[in-house]
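Peer 1: sequence and computational prediction follow.
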Amino acid sequence: MKPASPTILTINGGSSSIKFALFEAGKTLCRSLDGSIDRIGLPNATFAVKGSEKFSRPLAVPNHTVAVNVLMDWLEKRSDPDALTAVGHRVVHGGPKYFEPRRITPEMVDNLRQLSPFDPEHMPEEILLTEAFHRRFPDLPQVACFDTAFHHDLPRVARLLPIPRRYEAQGVRRYGFHGLSYAFLMEELARLAGSEAAQSRVILAHLGNGASLAAVRHGKSIDTSMSFTPTAGVPMSTRSGDLDPGLVWYLARTEKMNSKQFNEMVNFQSGLLGVSETSSDMHDLLEHEAQDARAAEAVALFCYQVKKWIGAFAAALGGLDTLVFAGGIGEKAPAVRARICEGLGFLGIELEKKRNAANEGVISTATGSVAVRVIHTDEELMIARTVCDVLGLG
């Protein structure tokens, strides 16, 4: 009887969601299903699965503890728990210590707990998820895949923050995020366009609910828009992106806003939602921009800021050879891509309208000197690949 292929579960925990996928690790990785538990702690939470199984049902999940137990109960009911070979977790922040994927140990969990102040929106829940799986499946190997790892070797001038040096000793520096997505995109770029293209001057634009850009040369990140936290950089669905730091003191004086309230505002009430006052969803805003000036301004601000970062990173790279759009907005919003690229002909960026409208893989003209690509990113597949590498599977 042929032995079963290793089965890898990937976990991507967010502040109000748990996304997961199952992969069979044979000669190649084969995804059998995707799923998510969304709106954790909110009304109308849902548990949905698609792939070899398909369903969507409402849930009452007041917190991540309840949600992860629902997921583990479902995994146990659908198959023999021993069928699982390993679990791979996306861990948002590795801090200064963790920059390579590795098997999770009790010592690592203790260290990650100390890193929680670096990202209080994600780290506590991610630690909770690893501990819950360890309690239920104590012999199941778990691997941490750090979202900051891709940017670990940033040049020192890009890492430094212009604040007193003593904070650097405490680990306060530019880290950058979306690293799993960027690592996947660089592998895909090499596969689609060849190693020479992947080794050239590349800007990656991961534009989704969270949005960031990275400048890559010789396959290495040399700069990125997110910084010490994922709130920095371009405006996002509900995150502000970069702000004047003097705003903290101004709002403390005029509105008696404390640090917790400020953090809530810049992470959950700002960006597209804050400017439009109606929606954090780019699709909704594009639909209503003709009738709603606030929606139009939110879209315009997003496109303008992304365009500025492309210009800045082209300067840091000393030119540009490839621009890659990815993420929900980057992959599915031709109008946004067109507005971002408008006026960037001086860099060699020229879009072919029909290709862009069709979301084709290459959307630049034959005459433009910069190849502009749309690549579907896949953080879950990257996690599964990483688990295989760390544990020697498949």
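Peer 2: Right, received. Where do you want to start? Numbers count the residues shown, from 1 in each chain.

Peer 1: the helices in the stretch 1-150 of the chain, which residues?
Peer 2: Assigned by DSSP state H, counting those that start in this stretch, the stretch 1-150 of the chain shows helices spanning 64-78, 106-114, 123-136.

Peer 1: residue 56: how many residues sit nearby?
Peer 2: For residue 56, the neighbour count with other C-beta atoms under 10 Å is 12. Using the backbone N, CA and C atoms, a C-beta is placed for each residue, glycine as well.

Peer 1: now do the same for residue 383: helix, strand or coil?
Peer 2: For residue 383, the assignment made with DSSP: H, G, I helix; E, B strand; the rest coil gives helix.

Peer 1: quick one: contacts for residue 342?
Peer 2: Going by C-beta atoms under 8 Å, 6 or more residues apart in numbering, residue 342 touches residue 307.

Peer 1: list phi and psi for it.
Peer 2: Main-chain dihedrals, residue 342, degrees, to the nearest 10: phi -60, psi 130.

Peer 1: would you mind measuring from it to residue 288?
Peer 2: The gap separating residue 342 from residue 288 is 21 Å, by C-beta to C-beta, to the nearest Å.

Peer 1: now the nearest residue to residue 173 once chain neighbours are set aside: phi and psi?
Peer 2: The shortest distance from residue 173 to any non-neighbouring residue, by C-beta to C-beta, 6 or more residues apart in numbering, is to residue 159 (4.9 Å). Backbone geometry at residue 159, expressed as degrees, to the nearest 10, gives phi -80, psi -40.

Peer 1: residue 159 is in contact with residue 172, isn't it?
Peer 2: No - with contact defined as C-beta atoms under 8 Å, residue 159 does not reach residue 172; the gap is 10.4 Å.

Peer 1: so which residues make contact with stretch 36-50?
Peer 2: 16-20, 33-35, 55-64, 67, 70-71, 74.

Peer 1: inside strands: which ones of those?
Peer 2: Counting by DSSP state E, these place 18-20, 33-35, 55-59 in strands.

Peer 1: list only buried entries from those residues.
Peer 2: Buried residues within the ones in strands among the contacts of stretch 36-50, counting neighbours by 16 or more other C-beta atoms under 10 Å: 18-20, 35, 59.

Peer 1: burial count for residue 166?
Peer 2: Residues within reach of residue 166, counting by other C-beta under 10 Å, total 8.

Peer 1: got it, and residue 246?
Peer 2: Residues near residue 246, counting by other C-beta under 10 Å: 8.

Peer 1: then the one 3 residues further on?
Peer 2: Around residue 249 there are 10 other residues, counting by other C-beta under 10 Å.

Peer 1: check which helix or strand covers it.
Peer 2: Residue 249 is part of helix 246-254 when elements are defined by DSSP states H and E.

Peer 1: how about the strands in the chain?
Peer 2: Ranges of strands within the chain are 7-13, 18-25, 29-38, 45-51, 55-59, 84-91, 102-103, 142-146, 201-207, 211-217, 220-224, 322-326, 371-374, based on DSSP E.

Peer 1: now render those as TSV, adding distance to residue 263.
Peer 2: As requested, the strands of the chain are exported to TSV (distance: least, C-beta to C-beta, whole Å):
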stretch	distance to residue 263
strand 7-13	19
strand 18-25	23
strand 29-38	23
strand 45-51	24
strand 55-59	28
strand 84-91	21
strand 102-103	30
strand 142-146	23
strand 201-207	23
strand 211-217	19
strand 220-224	21
strand 322-326	28
strand 371-374	34
